[in-house]
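Asks: Dropping the sequence and predicted coords here.
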Amino acid sequence: MKELAGRLTALDPDAGAAVRVIAYFDRLAESRAGVEALVRGAAVLAGCPARLVDPERRVHVRVEADGTRRDTETPPDPAWPSARLAPGGAATLWLERAAAAPGVVGPDHTRTESRPDDAGQARPAPDPDDAGQARPAPHPETWDGTGAVPDTRFGTATAVGTASATGTVGATGTVGTASTASTTGTASTTGTASTASTASATGAGSATGAAGAVGTADAGSARYGTGGAASVVDAVILERAAGAVRVVLDRTRGRAPADDPALVETLLDASAPEPARLHAARRLGLDPAAPVRALAPLNDRPRVVPDGVEAGPAGRLGVGPAVPVLELPGSWAAARTALRFTAEGTAQDPGPRVVYADELGGIALLAGLVAPGAEPPPDVRALETAAATAPWLPVTLHAVASTASLRAAAAQINVHHSTLQDRLAHAEHLLGWPVRTPQGRLRLQLALAMRRLARP
Amino acid sequence: MTHVPPPFDPELAAALELIKDMISPGLALDEIADARRGPGIEMLADLDLTMGGAFEVEDRQVPGPEGEPDISLLICRPTAPGTAGARPVIYHVHGGGMVIGNNRVGVDGPLAWAGALDAVVVSVEYRLAPEHPHPAPIEDVYAGLLWTADHAAELGADPERIVIAGASAGGGLCAALALLTRDRKGPQPVGQVLLCPMLDDRNDTPSAYQMAGLGVWDRTANETGWTALLGARRGGPDVPAYAAPARAEDLSGLPPAFLDVGSAETFRDEVVAYASRIWQAGGVAELHVWPGGFHGFDGFAPQAALSQSARAAHVDWLRRLLGM
């Protein structure tokens, strides 16, 4: 197909490779092709290996340019052109096109140079979410002023509204291609300038912003940008393929699988049979051999994430230790304990909003001694009494307990060092024990921790 | 009889999108000249015949049928020294509906097999209909086989291990060649590879009706090809088996056959019927029907998963046949 597409481009340059790419993926989507067929389409049309990696759903598909499936353990090169399946997601489709290598650009190939002032119109201001989704040319490449004259007929013929017929790709844009006719059949290069912008229209679709040159002098150069630029055709391939892959994965592997509460509940339940828990792990897309953590948010359902995945949006959260999936009930228990050590991070309730169980050490034992809502220990009662008379006291004591020096504590709460000294003298009087000695500081830290544990 | 066609394989359906402007399902007699000049044939024939230096390539003029012009053979010999002894020969007959093409078209498949099996490829140029109706094409093909068998030693090849192979019209001509050389007691091929072969001038199977207007080489194009070859005789009572092998009364005594065809093409039913008749005659045949395949799919879209399976099946069969 690649040879075919390439030859078609060579023989019929005004038809526009981008149009064919779009038709190709639309047709695959209509006939409900699987993920491998979509990745193969990207590889074959781009003329280089293509790779889909969705770590959350454990999908790894790599197909070579000749269409053969050949997966690999080596990590993707960040310099390759790529498109994320969804903004902010980890799932990414890559074209393994070495940035430095010009591919098979023929000797006749010349590339038109960029004109920076076109950058703004070619590509909208980048959305942070879109950064890194597609790696466009640093500057759109356009007319080089060497006498190449746009043939508007070609431009008209190949202007493409890329709104997908299937409505699955939330990107719209235009691909305008203008080309001069080659003056001889062989030697002279067809100067081609292209600008393209495909911008995210919905935020839900994969968005690519790309601009590059498509030389149509010969089949070989037709789809190779130079200097690491993603060509227009690459960008269209990535956008179309990624959009179609996303639809298929959502259909076949489930959308946002980590959110199924029943499966998570099974995983965290030590009384559930092991096969049931392993089955739940697979359904959630978790690798039974890879470490995972249980997360205990204060006001939300429990969650399970692979080790190394960020916990997500803020809010009080206890994080269990990384364990094999069958040990998740233990991680979950530890996460709930860790949650009791979290604080709102406010003036009345200073402290960390996220606590990792495996950073607590022996402090975790306090959780078994102080029951929520029960009569607090005397040092906690002293803290509460003192706080009632001095509103600054909780924040000040937390700063002292959690920083390396009094100077750092003063800086943290934005008071002068001498002011802090005055406050601490007052606090020691109210509490009845010193907080500036090593022993007193430990007693303070324990009191602050027990205060959180004693909350109802 | 339903005329609802089986769906194309998804990847093949998408590949059709890429080629639809160049390859249309139908072909009329007055379009043959344009089809010969068009980009499609050029594209299919535009190959690196040396396969990156693995073959040395030669065009040889050899005697044609008695009293007829010379014919041209494309001869591709492996450049690497052979393991030992004479090599098998893939004697290739190109496709093109009896009316278009040349001996470069489709030879990439046999070259790939020959690369895997250390074989010589000989691809015959034959005169095309309608300028040269039956029996000109099959007689040219037979003359090329005679020369190949007689000059095998010169090619470093084994005349006892000639496999005849072709796709579409080339498959039909190979089936006819197997019948002809059996009956004339000419060189006996060791096997026949009939890829989506064009076998039956009657053009009236359910698959021919189902696929009208779809894919590649539909019923209209097929009628054009057969009419070019046979003129007014097409579909009538006196069509010789050497023109349309489906007309053969006797399919016994033929070399082992490999047949394949797509489920979504005109030729599906005639190919399945031909394989069945070989078995009924006590012969050896292997038949693959590739689901959702259009005519010649593995040549047009070799990267598709189905094409990879089909091409692997070709080599597997040849390996078993040749004991390699």
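Replies: Everything's here; your move. Numbers count the residues shown, from 1 in each chain, chains lettered A, B, ... in the order given.
Asks: Please count neighbours and contacts with C-alpha atoms only from this point.
Replies: OK.
Asks: least trustworthy helix or strand in chain B by mean pLDDT?
Replies: Ranked by mean pLDDT, DSSP states H and E, the weakest helix or strand in chain B is helix B:39-45, scoring a mean of 67.
Asks: Now the element after that one, going C-ward?
Replies: strand B:55-62 (DSSP states H and E).
Asks: what pairs with that following strand, and is each one parallel or antiparallel?
Replies: Paired strands of strand B:55-62, with direction, are strand B:71-78 (antiparallel) (DSSP bridges).
Asks: Which helix or strand lies directly C-terminal to the partner strand?
Replies: strand B:87-93.
Asks: same question for the helix or strand following that next one, mean pLDDT?
Replies: Per DSSP H and E, the first helix or strand lying C-terminal to strand B:87-93 is helix B:108-117. Taken as a whole, helix B:108-117 carries a mean pLDDT of 94.
Asks: same question, stretch B:252-262
Replies: On average, stretch B:252-262 scores 98.
Asks: What of stretch A:354-372?
Replies: Averaging pLDDT along stretch A:354-372 yields 92.
Asks: Could you list the buried residues of that stretch?
Replies: Using 16 or more other Cα atoms under 10 Å in any protein chain shown as the test for burial, stretch A:354-372 gives A:354-358, A:364, A:367, A:370, A:372.
Asks: Narrow those residues to those in helices?
Replies: A:Ala367 (DSSP state H).
Asks: And the buried residues of stretch A:354-372, which two are furthest apart?
Replies: Greatest spacing in the buried residues of stretch A:354-372, by Cα to Cα: A:Asp358 and A:Pro372 (21.3 Å).
Asks: Need the pLDDT of residue 158.
Replies: Answering for chain A, as no chain was given. 30.
Asks: The chain in question should be chain B.
Replies: 96.
Asks: And it, how close does it get to chain A?
Replies: Look at B:Asp158 and chain A: by Cα to the nearest Cα, to the nearest Å, they are 33 Å apart.
Asks: Skipping adjacent residues, who's closest to that residue in space?
Replies: B:Ala86 (4.9 Å; Cα to Cα, 6 or more residues apart in numbering or on different chains).
Asks: Chain A - how does it break down into domains?
Replies: Following automatic domain parsing, one finds the domains of chain A at A:2-253, A:258-359, A:370-454.
Asks: can you tell me how far A:Gln260 sits from B:Met98?
Replies: Check again: residue A:260 is Asp, not Gln. Distance from A:Asp260 to B:Met98, counting by Cα to Cα, to the nearest Å: 61 Å.
Asks: Compare neighbour counts for those two and give me the winner.
Replies: Neighbours were counted for A:Asp260 and for B:Met98 using other Cα atoms under 10 Å in any protein chain shown; B:Met98 has more, 30 against 16.
Asks: what sits against that one?
Replies: The contact partners of B:Met98, taken as Cα atoms under 8 Å, 6 or more residues apart in numbering or on different chains, are B:128-129, B:137, B:169, B:225-226, B:228-229.
Asks: So which of those residues is surrounded by the most neighbours?
Replies: B:Trp226 (30 neighbours).
Asks: Could you check how far that one is from B:Pro88?
Replies: Taking Cα to Cα, one finds B:Trp226 at 32 Å from B:Pro88.
Asks: Show me the strands in the stretch 201-324 of chain B, by range?
Replies: B:257-262, B:285-290 (DSSP state E, counting those that start in this stretch).
Asks: looking at these, which is buried most?
Replies: Greatest average neighbour count among the strands of the stretch 201-324 of chain B goes to strand B:257-262 (a mean of 25), per mean count of other Cα atoms under 10 Å in any protein chain shown.
Asks: List the contacts of it.
Replies: Contacts with strand B:257-262, where a contact means Cα under 8 Å, 6+ apart, come from B:191-197, B:267-268, B:271, B:275, B:284-295, B:297, B:314, B:317.
Asks: give me that answer again for 6 Å
Replies: Strand B:257-262 is contacted from outside by B:191-196, B:268, B:285-290, B:293-294, using Cα atoms under 6 Å, 6 or more residues apart in numbering or on different chains.
Asks: Also stretch A:399-410?
Replies: Residues outside stretch A:399-410 that contact it (Cα under 6 Å, 6+ apart): A:417, A:445.
Asks: try it again with 7 Å
Replies: A:412, A:416-417, A:420, A:441, A:444-445 (Cα atoms under 7 Å, 6 or more residues apart in numbering or on different chains).
Asks: Now do the buried residues in it.
Replies: Residues of stretch A:399-410 classed as buried under the neighbour-count rule (16+ other Cα under 10 Å) are A:399-401, A:406-407, A:409-410.
Asks: Leaving out the residues flanking it, which one is nearest to A:Gly315?
Replies: Nearest to A:Gly315 is A:Arg353, by Cα to Cα, 6+ apart, at 6.4 Å.
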